[in-house]
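1. just the structure for this:
(chains A and B)
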Amino acid sequence: MSEEQVIRRKYSDKERKNIFDNEFLPHLDAMYNFAYRLTFDQDDAKDLVQDTFMKAYRFINSFQQGTNAKAWLYRILKNSFINDFRKRSKQPAKVDYQEVENFYNSEDVDESRTVDLRIDAVKDMIGDEVSNALNALAVDFRTVIILCDLEGFTYEEMAKILDIPIGTVRSRLHRARNLLKEKLKSYALTMGYK
Amino acid sequence: MSDNSEKKGSNDCNEFAKCLQYLHLMLDNEATEEQEIYLKNHIHKCMVCFEQYEVEKQIRELLRSKLTNQKVPADLAQAIRNKVFQSA
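-> Numbering: from 1, shown residues only, chains lettered A, B, ... in the order given. A predicted model of the protein is given here:
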């Protein structure tokens, strides 16, 4: 597959409509969920998704029919969120900058480091703890976990969606999972697990 | 079976870093066949890594069961179509 060659196609109106209805719109549910996980707000999620589909249609000539529409749409959505949406939003960014900074400043992620979390503690969690822990993560970390664990994107697809090398996908995921487990661990401790 | 009830840590597996790496790859469907076989054999005999595997798997399952079901507003698809095709 030759990628990143910007081939300008010229779809007819009928073709464009066809692509939009058959290749883009079927991902609406997943896109809305992704948007909601980024914004935590139903109206914002709606706006973000609408925005994404508008852009997708406007730039439809740079989409190659039959290729991975979902990854392409996710990339647009994620960029819209970062570039436009977060700036426009009056909500203060819920980002733990320290967390992000530590991550980017660290030379290399120690992939052997993990959080000692016991299975007994995790088995007793009903799920709310996990979603709360995920939502508390900085957006970069939250995003990789959503894309990987919830949407099932491959590392390669994630690299394209996020515009980062595959190695960075892996280390960011690793870091994200450790941060998630740290939060779960502190929850487990308050519940009396050791 | 010699059971020691002492709490085990990552020090008890001398290949822990490698196992952890394979484990994530496997759960993310990114492991090679060799890595997968290696890990599967390994967790049969290593409690530390077995537990680690269970923890990671459980977290992923909880995430999936808890987080995928936001209801999409019923009129959203139509609203988007209207907007897109109208402005085209």
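
2. quick one: mean pLDDT over stretch A:84-102.
-> Averaged across stretch A:84-102, the pLDDT comes to 57.

3. so where's chain A uncertain?
-> A:1-8, A:85-113, A:194 (pLDDT under 70).

4. where does chain B dip in pLDDT?
-> For chain B, the ranges with pLDDT under 70 are B:1-11, B:68-69, B:87-88.

5. ok, which residues in it are in contact with chain A?
-> Residues of chain B that fall close to chain A, judged by C-beta under 8 Å from any C-beta of the partner chain: B:7, B:9-10, B:16-17, B:20-21, B:24, B:28-30, B:51-52, B:54-56, B:58-60, B:62-70, B:72-73, B:76-77, B:79-81, B:83-85, B:87-88. C-beta here means a position set from N, CA and C on the backbone, and glycine is covered the same way.

6. what's the local residue count around the residue in chain B positioned nearest to chain A?
-> Nearest residue of chain B to chain A: residue B:17, at 3.2 Å (C-beta to the nearest C-beta). For residue B:17, the neighbour count with other C-beta atoms under 10 Å in any protein chain shown is 15.

7. packing partners for the helix or strand it falls within?
-> According to DSSP states H and E, residue B:17 maps onto helix B:16-27. Where contact means 3 or more C-beta pairs under 8 Å, 6 or more residues apart in numbering or on different chains; DSSP states H and E, helix B:16-27 is packed against helix A:166-190, helix B:33-45, helix B:47-67.

8. okay, those in JSON lines with mean neighbour count next?
-> Shown next, in JSON lines, are the helices and strands packed on helix B:16-27 (neighbours: other C-beta atoms under 10 Å in any protein chain shown):
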{"stretch": "helix A:166-190", "mean neighbour count": "19"}
{"stretch": "helix B:33-45", "mean neighbour count": "14"}
{"stretch": "helix B:47-67", "mean neighbour count": "19"}
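
9. I'd like those as JSON lines, with distance to residue A:144 appended.
-> Converted to JSON lines, those look like this (distance: least, C-beta to C-beta, whole Å):
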{"stretch": "helix A:166-190", "distance to residue A:144": "5"}
{"stretch": "helix B:33-45", "distance to residue A:144": "21"}
{"stretch": "helix B:47-67", "distance to residue A:144": "12"}
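
10. ok, which of those helices comes nearest residue A:125?
-> helix B:47-67 (6.2 Å; C-beta to C-beta).

11. mind checking how far the residue nearest the centre of chain A is from chain B?
-> With distances taken as C-alpha atoms, centre = their mean, residue A:143 lies nearest the centre of chain A, 3.0 Å away. Computed as C-beta to the nearest C-beta, to the nearest Å, the residue A:143 to chain B distance reads 13 Å.

12. just say helix, strand or coil for that residue.
-> Classification of residue A:143 using DSSP: H, G, I helix; E, B strand; the rest coil returns helix.

13. pull the contacting residues for it.
-> A:38, A:78, A:162 (C-beta atoms under 8 Å, 6 or more residues apart in numbering or on different chains).
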